[in-house]
Every structure is written in C-alpha cells, then in structure tokens.
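# just the structure for this:
(2 chains)
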Amino acid sequence: MFVKIEPRSEPSKAMKYLSPLIAAVLMLISGLIIFSLLGKNPAEAFHAFFVEPVNDLYGIGELLIKASPLMLIGTGLAVGFRASIWNIGAEGQLAVGAIFGGYFAIIFYDYSGLFILPLMIAAGAVGGMLWASIPALLKTVFNANEILVTLMLNYVAVLLLALLVHGPLKDPNGYGFPQSVLFGDSAILPVLVEGTRLHLGVFLALGGVIAGWVFLQKSFTGYQMQVAGLAQKAATYAGFKYKKLIWIGLLSGGLAAGIAGVLEIAGPIGQLLPSVSPGYGYAAIIVAFVGRLHPGGIFLSSLLMALLYLGGESGQMNLDLPSAVTGIFQGLLLFYLLAADFLIHYRMRLDRSRLEVN
Amino acid sequence: MDGDILIQILVASIAAGTPFVYAALGELVTEKSGVLNLGVEGMMLVGAISGFIAMAKSGSLLVAVLCGMTAGALMALIFAVLTLTLMANQVASGLALTIFGVGLSAFLGLKYTSIALPGVPELHIPFLSDIPVAGQLLFSHDILIYSSLVLFGFISWFLYKSKAGLILRGIGEAPKSAHALGYNVIGIRYLAVLFGGAMAGLGGVYLSVAYTPMWVEGMVAGRGWVALALVVFASWRPLRVMAGAYLFGGITIAQFHIQGFGIEIPSQLLSMLPYIATIIVLVLISRDQKSIRLNSPASLGLTYHPNNQ
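Next up is the predicted model:
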C-alpha cells in the first residue's frame, strides 16, 4: 500500500463541513448503482427520483412541507445530542403531540376562531414534552438508559394513537374506519403561497430552527450542553448541573416533535389517522447528524432527506420503483457520513518511503 | 386455571422467548468484547427476511438458517468497519444500522408479504415426548429451540471456561493491556461483532420461519431493542439472559392468553405490555448503579485504536 493513514495533529475544520457533502455524493452514486441493479435506466431513474419532484414551484413547496417536521425535530434532537443525551423517541413524541393537538381539533369541531390552532400547537408541545419527560425522569432519578426508554415509548405511543383512533377519537360517522373526523377549517393551517400547498406550519418550523440556533449558539445553557457533550467530567467540575441538561436535552426534542406532530395533522393530513408519520422521528436523527448538530446544517440536511421521501413517491409513481428504497438511502447516507468523518481526525498520505524503495 | 393451559403457556413462552435468546446471547458476546452494537433490531429484520426468502425458495431449513446468519453477519460487518476500522461513534453507527436494516428488509420483502411457509415441525422424540407434562414442556419443541439451548451451553462454556473466552473478556475490560500482551484487539472485536450479527440474524430467522412463518414488514417489532435491554438486565451473564428471554417471551404471549380468558381489553393496550415491562425492569435494574458499573465490560462503547493511545 502506498497510502499511509496518519492521525491529524488537530481535527480538520474543512473536513468537518466537507464530510456531509461527501456522504451525500456517495449516496447519490449508490443510488445510480441501486437503480441499475433494479433494471432501470440509471439516468432516467435518477431524474425521476431526485429532479422530477422539485422542478416546479409546487414541487419546491412539497419539498419544504416534507422538510419542515424533519428540520424542526432535527433541531430539537440536536440540543440533546450535543450533550450526548440520546433521545431516539421523537417518533413517539410526535404521535403524542398529534394526539394532544388533534384532541382539541376534535372537541372544537363545531367552533371556529383564531384560538383553535394556537391551542392545538400548545397542546402538541405539552404532549411531546410530557412523553419526553418520562425518559428524563427515569434517567435522572433511576439512571435508566434513555436510548432504550425512549425507544420503547415509541412503540407505546404509536399503539396509543391506534387505540384512540379505533375508539374514543374515531369519527362516529366514519363507517367504522379507524380515523377521526376531518378537521374544521379553523383547525387547518392556512396555505400561504398560491400555487403550492405551503402552509403556515412550514414557516413555524423555520422559526423553530432559528430559535434553536439562538439557543444553541448564543445562550449559556446551549454552551453548557456543548461542553457536557465534549467532556462530561469537565462540565461537572465547572459546576454545570448535568441533571438539568438531561431534562433540557430530552424536553427540547419532545417539544419540537410534539409541535411537528400537530403541524402534520393540521397540515397535509387534516385528521388523526392510526399512523401520522412515515418515520420522521427516526429520519430526523439522521438529519441532525448529517447537519452536524447545527441548525443551519440541519436545515440543509432536512431538504436532502425530504427529497429522499419525495423521490421515493415519485419513483414509485413514474418508474414503479419500490418506495422502500427511501429507507435504504436514508441508512446509506448516515453510514457514509460516519465513514467520511474518519477524515476529520485522520488523513491519507502517499507513503514516500515505500515509493522510493520501489 | 387448569394444568393444561399452564403448560401451554409455558411451552409458548419458550417459543416466544427464543428470538430473544439468540439475539441477546449474540449481543452478550459482542458487548463482552467491549463493543456496543445498537443495530440488533436491524440485523434481526434483515436476517428474518433473508431466511424467509431462502426458505421460500429452497424449502430447506438449513439453507434458511445459513442465509439468515450470513445476512446478519454482513450487516454486523458494516457496523464493524465503521466503528472498529473507521473509529466512528458506536451509538450513532448502531442506530444507522437499525434504520438501514428497517429499510433494506422492507425492500427485500416486497414480493414476499403474501406467502405463508409451512413452519418448522416439532421434533417427536419417541417415549420422551410422550411423558405427560415434562414431555410436553421439554421434548415437544422444534429443532431451532433445542439449538438455542446448545448455543447457551456453548457460550457459557466459551466465556468462562475457555482461554479464547478469557481473552475476549480481557479485551472488553482492558483493551490497552490486552494489546500490550500481544492480542489483536481489533481483530477479535471484529469476530465478536460478526458473531453477534449472525446470532441476531438467526433470531430473525426463527421469527419469520418458525414462530410466525410469514413475512410482515417490521415484524421484529422492537424485539431487537428488548434483547439489548435484556443484556443489561442480565448483568452480562448468560444464565440470566436465558431467564430474562423466557420471562419476556411469557410477557409477549400474555396478551393472547388474557384475551383467551374472555377479559375485554383493547388489543393495543395488551400489545403495549412487553414495551412497558421492558421499561419497568430497566428502571429496577438501573437503580443499582454500582452493580451495573461492576458488571458491565469496562470499555463498553468506547472507541479504541492501538495506534492512537
């Protein structure tokens, strides 16, 4: 081997920002290979998957609609991830947020007014945070691993949602289908840009990302989270209260996911269904990592991840590509990122001594 | 409750616990080497669909088992390259493996959702299987259940009685010292991770080929995560892993029996049971921080590279 791997004396800043790009490019190349393995013309499939969905204004709107829960949840999760608090429970927190928000949409079905949407969003935020407070409580009091607790609660929350739409929240005139009534107009986020489905929720999500940026980059608590993630002992010596950081780390994810749940049911879905998310809570984990746990990066990576969802749908419609390909792309993207991050701490060099010998 | 039902429940608990046995014993070996692979769920799913496809195409249980184990090991290989060679964070890499496995298994299984397999016949051992009670409890299972017991015996012997097992545990406790003694830490960890993957794959095969002989997207349904929790419950000891696996097998099937007794509880509420039980047991075990610190392999989850110390 003429290539030598050696540690860098300090982590490369350039590689830190380049590695998500390398990962995205590698994922696209893998896409071409997967498409040809599936017997499709790679160029055609690539176009259907990655270009077609966003080549008009409507498509861009759809991209932002899909990206908004991802960027919102990704930002909320990044707060915890920075302090090495692993909230894997956004999928469940989203479902509970949707239940809480949807409940108010249903009980105020016969009313109209500007109070309904804010109430739904506030309820969703409370619901998401309540669900996230379970792992926070169990971790701070009993030292229970938050990864396992949040994950188990995802299954519980999704079952809870199914239970409710099969029972108390079911539309009485819905011919027995497990779904709620279609929400009234006052419980639906208004469309703001003509010619698209871009609704108010997209702008709320963008606002959430900016709020996350202010918190993480400008506040002292945000700084404490960062320090605790890099060196927990140093943080303790500095007098940071780690338990407080655990609560903040988990609740911020719950808050974001709960609101995202309401934005989904009051936006594209318009009612409560047994399933309100195609795995946004898990995809947002990838979004947070690929975005380098920075709100700006998370915004960009949420667009990429949203494109994978849209591409999956478009590929299925136009080329009969199975939409499950989306999940493979998501996983590959994170694999490539983790692999490319190797170059932050190590570099490859031509091994001169061996070249000379030869 | 009459005795027959009790025996039926016990027999069913053993079957329901067997996927946990395979996956958790495999993860136990991985963790003993100091590596935490959170991708068990993904490896089980890919093992389940690979074994299912192999069974549907070949009709041979042996081929299905080999395919499922190979698929699980290949998944684990991705994790091993990322964490052991490229020194990526083990938590993030394990999550990535599960997300990837969920997607890959859904994709591979697209054409297999409406097929049912014949299942795996129970072994009938002359005389022994006909003994009342004990015969049913001990000698009425399929071969994959018996081989899971053999696996348990092997792992208990390997970890605590063999030299190789001693080296593996040494690497998990103190990789630097093991390296200084001349052992290939990375190489041995590779083997431990691959073994864990193969066993998770086999647990998946048991689910899709023997336990419920059909393929349903996401059919592992969190069992991989429960298996991870089981290793913690068991304080990293094989015998306790077995006890935990059958206990959780019992909880998994409790939902069917509660309904069987005519108690009216919504099915979703009953389906929550195993997940809530996992949280409760996790809380009970985690309260004793000292015992966890004492029993868990000292280097668990930490990145290691010999050239970088």
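# how far away is A:K66 from chain B?
17 Å (Cβ to the nearest Cβ, to the nearest Å). From N, CA and C alone the C-beta is placed, and that goes for glycine too.
# which helix or which strand is home to that residue?
If you go by DSSP states H and E, A:K66 is part of helix A:57-82.
# which neighbouring elements make contact with the following helix or strand past that helix?
Downstream of helix A:57-82, the first helix or strand assigned by DSSP H and E is helix A:90-107. Judged by 3 or more Cβ pairs under 8 Å, 6 or more residues apart in numbering or on different chains; DSSP states H and E, the packing partners of helix A:90-107 are helix A:57-82, helix A:116-142, helix A:146-166, helix A:242-264, helix A:280-290.
# how about a cut-off of 7 Å?
Helix A:90-107 is packed against helix A:116-142, helix A:146-166, helix A:242-264, helix A:280-290, with contacts defined by 3 or more Cβ pairs under 7 Å, 6 or more residues apart in numbering or on different chains; DSSP states H and E.
# which of those sits closest to chain B?
Of all the helices and strands packed on helix A:90-107, helix A:146-166 sits nearest to chain B, with 3.9 Å by Cβ to the nearest Cβ.
# what's the following helix or strand after the closest one?
helix A:200-213.
# what average pLDDT does that next one get?
Summarised as a single mean, pLDDT over helix A:200-213 is 96.
# packing partners of that helix?
Judged by 3+ Cβ pairs under 7 Å, 6+ apart, helix A:200-213 is in contact with helix A:57-82, helix A:242-264, helix A:295-319.
# residues from the stretch 201-309 of chain B in reach of chain A?
Contact residues (Cβ under 7 Å from any Cβ of the partner chain) of the stretch 201-309 of chain B with chain A: B:222, B:225, B:228-229, B:266, B:268-269, B:271-272, B:275-276, B:278-279, B:282-283, B:286-287, B:289, B:308.
# mind running it again at 6 Å?
Selection of the stretch 201-309 of chain B residues close to chain A by Cβ under 6 Å from any Cβ of the partner chain yields B:222, B:225, B:229, B:266, B:268, B:271-272, B:275, B:278-279, B:282-283, B:286-287, B:289, B:308.
# show me where the stretch 51-200 of chain B has helices.
Counting by DSSP state H, counting those that start in this stretch, one finds helices in the stretch 51-200 of chain B at the ranges B:61-80, B:90-108, B:134-138, B:143-161, B:163-173, B:175-180, B:185-205.
# what's the nearest residue to B:K32 if we skip its chain neighbours?
Using Cβ to Cβ, 6 or more residues apart in numbering or on different chains and skipping the chain neighbours, the partner closest in space to B:K32 is B:G172 (4.9 Å).
# again, but for B:A116
B:A116 sits nearest to B:M214 (Cβ to Cβ, 6+ apart), 5.0 Å away.
# re the thing from before, now the angle from the helix holding A:K66 to helix A:146-166?
140 degrees (axes from the mean of the first three to the mean of the last three Cα atoms, to 10 degrees).
# between the two ends of stretch B:75-87, what distance do you get?
17 Å (Cα to Cα, to the nearest Å).
# related to what we said a few turns ago, the residue nearest to B:A116 contacts B:S114, doesn't it?
No: in terms of Cβ atoms under 6 Å, B:M214 does not count as a neighbour of B:S114; the distance is 8.5 Å.
# A:K4: helix or strand, and which one exactly?
In the assignment (DSSP H and E), A:K4 maps to strand A:3-7.
# that strand pairs with which strands?
Here strand A:3-7 is paired, per DSSP bridges, with strand A:346-350 (antiparallel).
# what mean pLDDT does the partner strand get?
The average pLDDT for strand A:346-350 rounds to 80.
# is it true that A:G222 touches A:V214?
No: using Cβ under 6 Å as the test, A:G222 is too far from A:V214 to be in contact (8.3 Å).
# who has more neighbours, the two?
Taking neighbours as other Cβ atoms under 10 Å in any protein chain shown, A:G222 and A:V214 compare with A:G222 leading, 18 against 11.
# in a helix, the more buried one, correct?
Yes: A:G222 forms part of a helix when assessed by DSSP: H, G, I helix; E, B strand; the rest coil.
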